[in-house]
Every structure is written in structure tokens, then in C-alpha cells.
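Engineer: Quick one: sequence and predicted model below, then my questions.
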Amino acid sequence: MKEIITGNFAPWRFVLWPPCSIRVVDWNIDRGLHLPEIVDFLAGTNADILVLQEVDINARRTHRLNIAEEIARQLRMNYVFGREFEELTQGTKASPAYHGQATLSRWSISNPRLIRFRKQSHFWQPRWFLPRIEPFQERLGGRIALVADIDVAGDTIVSYNLHLESRANDELRLAQMDEVLHDAANHDLKCSVIVAGDLNLDVSKQRAASLTGAGFREAAPTARVPTTPPRHLLESGRHIDWAFVRGPVQADSGQVHKSVTASDHYPISFNLRRVK
């Protein structure tokens, strides 16, 4: 399969100027295991842009569906999918399964590309002594950021859809984040940029200065509200899903949707308004 695939399901519309507000949802959807509930929630948000992580294509666990395409078709959105891993325990040689990130939009999406991080944990690589069964999650590939331009009635929003490494340590995750910030620095400060995703990292306890120093501002209250359910009695949840914006835009109405149980992560949402 190609590293990037696209699909267009949004109806064409004629507009003279950009809307005053854009609704954005960022969510690790846990492979799309609970697809009907995921679609129901996303439809209710009336979002213009979706930034999704852990999205399956042709995996046994998600009924061989192209999850990104299913969501895009049902919500009448365009989408771009970036391949993170081939899931060796979820497909066959004749019918391989893949896993990655998807960005969806009611507006046109162009110039999709991947940042395949130089530093990887290699935790997921297959090993001869491990059986090819699901608990070991053997994979080919590596963590990525999916980058795409979203044309909102003549205004361009550059979206960075991240999934940083869940294994190894924060030093590795910060190195992967630095690659994203280095890439984003190529865009003029007058360009609207979203950096969002599952960082597997509490940015508020680490080098948040690297983001603020690059001009990024937090878009949702994930430093105060956990974005995952508690794993045990002594934990209230983790702060690992984040969204940041930069440029002539302002984020408001940020929310962590803790009532949503369709994934092992909570969705986060916010409105994006252009600042003159």
C-alpha cells in the first residue's frame, strides 16, 4: 500500500470568504474498534477538521475496513491517511493490514506528506523468537507525523497530525517533537498551523518552552484535564493528548470530552478563529 492514501467525499460548495470559526477535533480512536459510536460522536460535534490517530486499514480486529474512509464517507468529508505501521498480526501476505493517522476535513486537503521520525524505539519490530500472534503486536514501520494543507475558502491551515512513541522514554518523544517543530519553522509566522495528536507525553511537565518559544499556544485544557481514563485506583488519568496552534488564529472553547467511552482516549475539541 502507498504510504499516503486520499479520498474525497465532501460536497463541493461555493463560498466567498472563510467562515468566522472552524471546529477541530483531535482524537486517538483506538484503531476504530467502536466505529458506530465514534461516528456518532464525531457527527454530533459538527467538526470541520478531524485529526485522528490509531486508524486501521484492512485489519482483522476492525473487520477489514478502511476506517478513515468509512468515517469520511459517513460524515461527507475528505481525508488523507498516513501509514505508520504494517500490522503483521492483523493481516496476511496476500491481504496486509495497516495502521496510522488520518486527517479529515470538510474543505479540500492538499500536499500531504509524512515526517517519519529519524529516532524510533524499534520496540515493535518482528523478532525471530516471537510467535506471529496478536499480543506481541509485531509491526513494520515507525512513528510519523502526517502533514497536510487544508484550504478553507482561500485560507490555508497546515495540520501536523502526531503520534509519538508509546515505548522508550520522554527523551525519545521530545526528539520526535523537535523534528516536528523544526519542520513547522519552515512556515511563515503568518501561516496558520495546528500541531495535535497523541504525544504519549505530558508536555506541561516537560519542555513546554520549546513549543511556546516556537510561537505555539495550547488549544485545549489538557494540562488540567486528563485525556485518558484512569488505569488504576491511584491514577486519575494521563495528560498525553494535546493540540497547539500558531499564527493569525485564536483557539477557544477547548474541551476534553470525558463522557465519551468509544476509545481508550478522550476526544479533545476547540474552535479556531482567525485574528485580523
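Structural biologist: Now that the structure is in, tell me what you want to look at. Numbers count the residues shown, from 1 in each chain.

Engineer: going forward, measure contacts between C-alpha atoms and count neighbours the same way
Structural biologist: OK.

Engineer: From Ile194, how far off is the spatially closest residue to Asp155 that is not a sequence neighbour?
Structural biologist: Once flanking residues are discounted, Asp155 sits nearest to Pro18: 6.9 Å by CA to CA, 6 or more residues apart in numbering. Between Pro18 and Ile194 the distance is 17 Å, computed by CA to CA, to the nearest Å.

Engineer: Looking at these two, which has the bigger crowd around it?
Structural biologist: Just comparing Pro18 and Ile194: by other CA atoms under 10 Å the higher neighbour count belongs to Ile194, 24 against 13.

Engineer: can you give me the strands for the stretch 151-276 of the chain?
Structural biologist: Ranges of strands in the stretch 151-276 of the chain, per DSSP state E, counting those that start in this stretch, are 155-163, 192-198, 217-218, 241-246, 249-256, 268-274.

Engineer: Go through the fifth one and flag the buried ones.
Structural biologist: Looking back up the chat, that one is strand 249-256. Residues 249-252, 254-256 are the ones in strand 249-256 that count as buried (16 or more other CA atoms under 10 Å).

Engineer: lowest-confidence helix or strand of this structure?
Structural biologist: When each helix and strand of the chain is scored by mean pLDDT, DSSP states H and E, helix 208-213 comes last, with a mean of 74.

Engineer: so Phe117 makes contact with Gly142?
Structural biologist: Yes. With contact defined as CA atoms under 8 Å, Phe117 counts as touching Gly142 (7.4 Å).

Engineer: how far out from the middle of the chain is stretch 164-173?
Structural biologist: 16 Å (CA atoms, centre = their mean, to the nearest Å).

Engineer: What is the end-to-end distance of it?
Structural biologist: Using CA to CA, the end-to-end distance of stretch 164-173 comes to 6 Å.

Engineer: Find me the pLDDT at Leu16, would you?
Structural biologist: Per-residue pLDDT puts Leu16 at 69.

Engineer: repeat for Phe136
Structural biologist: Confidence for Phe136, expressed as pLDDT, is 66.

Engineer: next one: Trp124
Structural biologist: pLDDT, read off for Trp124, is 82.

Engineer: what does Pro131 give?
Structural biologist: 67.

Engineer: just for the stretch 101-250 of the chain, where's the confidence low?
Structural biologist: 128-129, 131, 133, 135-136, 206-209 (pLDDT under 70).

Engineer: what ranges do the helices span in it?
Structural biologist: For the stretch 101-250 of the chain, the helices defined by DSSP state H, counting those that start in this stretch occupy 170-184, 208-213.

Engineer: since we're on His257, how many residues are nearby?
Structural biologist: 16.

Engineer: hang on, it packs against His265?
Structural biologist: No. Assessed by CA under 8 Å, His257 is found out of contact with His265, at 9.5 Å.

Engineer: how about the spatially closest residue to Gly247 that is not a sequence neighbour, what does it touch?
Structural biologist: The shortest distance from Gly247 to any non-neighbouring residue, by CA to CA, 6+ apart, is to Ser192 (4.5 Å). For Ser192, the contact set (CA atoms under 8 Å, 6 or more residues apart in numbering) comprises 156-158, 245-249.

Engineer: And Ala220, by the same measure?
Structural biologist: Residues in contact with Ala220 (CA under 8 Å, 6+ apart) are 242-244, 251-256, 268-270.

Engineer: let's see 10 Å
Structural biologist: Contacts for Ala220 (CA atoms under 10 Å, 6 or more residues apart in numbering) come out as 26, 241-245, 251-256, 268-271.

Engineer: From those residues, pick the one nearest Asp198.
Structural biologist: Relative to Asp198, the closest of these is Asp241; by CA to CA it sits at 4.5 Å.
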